[in-house]
Every structure is written in structure tokens, then in C-alpha cells.
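Trainee: Mind folding the following:
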Amino acid sequence: MSYDIAVIVGSLRKGSLNRLFAHALIEVAPPSLRPAIVEIADLPLYNSDLEDAPGNVPAAWTAFRDRVHRADGVVFVTPEYNRSIPGGLKNAIDIGSRPYGKSAWQGKPAAVVSVSPGAIGGFGANHAVRQSLVFLDMPTLQQPEAYIGGADKLFDEHGKLANESTRGFATKIMQTYAAWVERIRR
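Mentor: The predicted structure follows:
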């Protein structure tokens, strides 16, 4: 069996290091996973007033929620903005968690990877995302912890992961996550 995995990239920039690393994770994923990036850049800001008025829910919210509902698991790949979660990613998390009692996230096995040119690899953002996932009832992979620092030096001129040690670590992340998904989804 193969599992449909939604990959959520916290950076909205098309050429972001996080997007490049998300593509690297997809490339090294084992055959038991079918990971694909689910875009969040066009999601209108969450506003519960829109939720409460029939016919006002933005189509982008509905499409995003439906896509996450169909996924068997979710991998979050995020930068760190001011020691926390980028606004676009927090917005996507909030949209997927509503309407109350119908969260698209609930029970989905998750992994969090933070990517940064800085030395600590987005540690603060990684843990801020994890804090939200606890509330959302998403069993989250604990090991290996994935804080990818120095990311501005890991890719070649074509945007491919050029560092073999990091490629090996990315492979380990995805293999361990595949086993996690299998365990949770059984």
C-alpha cells in the first residue's frame, strides 16, 4: 500500500530553501509514500465570520481542507520567522482546523522539518509547529529531529540537494516517517 502525503511548505517564496528541501524529501521518499506539495500561498486569511455565514467560505479554504482530509499524513517543512511559525503556515493550520469539530488534521501522522540558512536550523519554528500539532491531535514523529541549518550551502545551481550527508539524512527522515505512517494508519 502507498500513502498519500501532503507536504506543506511554510515559506511562500517559490525559490525558498524550504521548498527546495521539500522537493528533496519527495525525491528520496520510499515507494510506500506518495508525497506532494499542497500549496498555501493563495489561502485567504482565516476569519471565523466567513465560516459562520453560509456561502461565504472561500473556495480556496474548501479545496485545501478537502485535500488535507484525503491525505494519509502530513509533512511540514518550515522556515523560522522571528523564532516562530511563518504567518502563511499558521494561517493554513488554522484553516485546516476549522470548522470546529471537523479538523482536516485530526489523527494524521505528521513530521516537522525546519530549514534555515542559520546555524540552529529553525529550532524555534519546529517546536512552535509541534505545539500546534499536539492540540490538533496529530501524532508527530519525534526522531529523527530535523533542524536543517546552513541550508543556503546545501543546493547546487539547479536547486538540487548537493550535500550527500544531508541527502542521507533526508532519506532517513522519509524512511522513518514511512514506518511511522504505517504504524499510525494500521
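Trainee: Show me the contact partners of stretch 143-160.
Mentor: Applying CB atoms under 8 Å, 6 or more residues apart in numbering, the set of residues contacting stretch 143-160 from outside is 15, 17, 20-21, 23-24, 111-123, 126, 161-163, 166, 169, 172-173, 176. C-beta here means a position set from N, CA and C on the backbone, and glycine is covered the same way.
Trainee: redo that, cut-off 7 Å
Mentor: For stretch 143-160, the external contacting residues (CB atoms under 7 Å, 6 or more residues apart in numbering) are 17, 20-21, 112-123, 126, 161-163, 166, 172-173, 176.
Trainee: what distance separates the lowest-mean-pLDDT helix or strand in the chain from the centre of its chain?
Mentor: Every helix and strand in the chain was compared by mean pLDDT, DSSP states H and E; the lowest is helix 48-52, with a mean of 90. With CA atoms, centre = their mean, to the nearest Å as the basis, helix 48-52 stands 25 Å off its chain's centre.
Trainee: buried residues in it?
Mentor: For helix 48-52, burial by neighbour count (16 or more other CB atoms under 10 Å) applies to residue 51.
Trainee: Repeat that for stretch 153-173.
Mentor: 154, 155, 161, 163, 166, 167, 169, 170, 171, 173.
Trainee: show me what contacts the fourth one?
Mentor: This means residue 163. Applying CB under 7 Å, 6+ apart, we find residue 163 in contact with residue 154.
Trainee: now swap in the third one and tell me
Mentor: Taking CB under 7 Å, 6+ apart as the criterion, residue 161 is in contact with 24, 154, 155, 167, 170.
Trainee: Cool, thanks, signing off.
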